[in-house]
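In: Coordinates for the following, if possible.
(one chain, ligands or ions: 1)
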Amino acid sequence: KEKAEITKEQQAFMKVIVDSYNRHQIPQDVTKKLLQEQYSAEENFILLTEMATSQVQVLVEFTKNIPGFLSLDHEDQIALLKGSAVEAMFLRSAQVLSTKMPNGHTEVLEERIRNSGISEEFMTPMFNFYKSIGKLHMVQEEQALLTAVTILTPDRPFVKDHPAVERLQEPMLEVLRKLCALHHPREPQYFARLLGRLTELRTLNHYHTEMLTSWRMNDQKFTPLLCEIWDVQ
Ligand SMILES: Cc1cccc(C)c1Nc1c(-c2c(F)cccc2F)nc2cccc(C)n12
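Out: Numbering: from 1, shown residues only. Purely as a prediction, here's the structure:
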């Protein structure tokens, strides 16, 4: 019985992460612009770049609030952020597209993404992922913890102290497992399906790198923060 119960300290631990996840939302002015600006591919790309930049800022703030993260080796902190940024952003935008946005916003955002100079070969896997996340109907605690688990993935490139990252990720996975049992009692495999999304996320890293390259080829401009997090010159 005690295996399934979420303990008091797990409740407190989870509250820190969920509050931080909910506190750090995409600024209103960015989402407001989504409805106002016109629909040219150029304008859409500029809006999406602004949105991506604020998503990275939100990601950095959320990551800093993950218990124990700031006590990791500083270079490992950077390696974890750079290694997980795309996956965390796909998760965040999947959640924004499948739940968060007031109605009408979602269709507008989807329309702008579809008409922003991204080639079909990246559009399909991206929207398949958004659909697969939508189908899970994650509660916000699961979204927050899944994002934290993604950031604390020990086997990112250039991470030196793997065990230190594992020690932070393990308690998150344990709480996430209990949450899934609690919120999806009739789906014993729900936790496994959730972790399966992390595998699908890894494939999106590759598509994202290709998207960056094709945008660069069309001389599309990024912001300094996006150049920094993805080592774009
Ligand atoms: C904000 C947004 C939302 C959904 C889809 C897309 C294409 C974007 N925009 C970008 C993303 C990106 C992301 F922010 C979240 C998910 C997947 C992503 F491809 N990455 C980058 C990198 C340089 C420029 C942009 C415009 N960009």
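
In: What residue, apart from its backbone neighbours, is nearest Ile229 spatially?
Out: Counting by Cβ to Cβ, 6 or more residues apart in numbering, Ala85 is the residue found nearest to Ile229 once chain neighbours are left out, at 5.1 Å. For glycine as for every other residue, the C-beta is placed from the backbone atoms N, C-alpha and C.

In: who are the neighbours in contact with that neighbour?
Out: Listed by Cβ atoms under 8 Å, 6 or more residues apart in numbering, the contact partners of Ala85 are 56, 59, 229-230.

In: Run a quick neighbour tally on Lys8.
Out: Counted with other Cβ atoms under 10 Å, the neighbours of Lys8 add up to 8.

In: One more: Thr53?
Out: Residues lying near Thr53 (other Cβ under 10 Å) number 17.

In: out of the contacts of Ala85, what pair is the most spread apart?
Out: Using Cβ to Cβ, the contacts of Ala85 span at most 12.5 Å, a distance reached by Leu59 and Trp230.

In: one step back: quick one: the residue nearest to Ile229 from Lys15, how far?
Out: 25 Å (Cβ to Cβ, to the nearest Å).

In: for Thr53, same thing?
Out: For Thr53, the distance to Lys15 equals 29 Å [Cβ to Cβ].

In: cool, and Arg114?
Out: 37 Å.

In: Within range of the ligand, give me the residues from the chain.
Out: 45, 48-49, 51-52, 55, 89-90, 93, 113, 118, 208, 211-212, 222, 226 (Cβ under 6 Å from any ligand atom).

In: pull the helix or strand with minimum mean pLDDT from the chain.
Out: Least confident helix or strand, the chain: helix 28-36 with a mean of 81, by mean pLDDT, DSSP states H and E.

In: quick one: terminal-to-terminal distance for stretch 60-74?
Out: End-to-end distance for stretch 60-74, by Cα to Cα, to the nearest Å: 14 Å.

In: which other residues reach that stretch?
Out: Residues from elsewhere that reach stretch 60-74 (Cβ under 8 Å, 6+ apart): 13, 16-17, 20-21, 24, 77, 80-81, 147-148, 151-152, 160-161, 164-165, 167-168.

In: tell me the secondary structure for the residue nearest to Ile229?
Out: Following DSSP: H, G, I helix; E, B strand; the rest coil, the label given to Ala85 is helix.

In: Now for His162, how many residues are close by?
Out: 12.

In: Just give the nearest non-adjacent residue to it, would you?
Out: Nearest non-adjacent residue to His162, counting by Cβ to Cβ, 6+ apart: Pro154, 4.3 Å away.

In: What is the burial count for that neighbour?
Out: 17.

In: measure His183 to the ligand for me?
Out: Note on His183: its distance to the ligand, by Cβ to the nearest ligand atom, to the nearest Å, is 25 Å.

In: per-residue confidence at Pro188?
Out: You'll see Pro188 listed with a pLDDT of 94.

In: How about Lys1?
Out: 51.

In: list the contacts for Ser98?
Out: If you count contacts by Cβ under 8 Å, 6+ apart, Ser98 has them with 106, 130, 133-134.

In: if I look at it, how far off is Asn65?
Out: When Ser98 is compared with Asn65 (using Cβ to Cβ), they lie 24 Å apart.

In: quick one: which helix or strand includes Glu124?
Out: Actually, residue 124 is Thr. It isn't Glu. helix 120-136 (DSSP states H and E).
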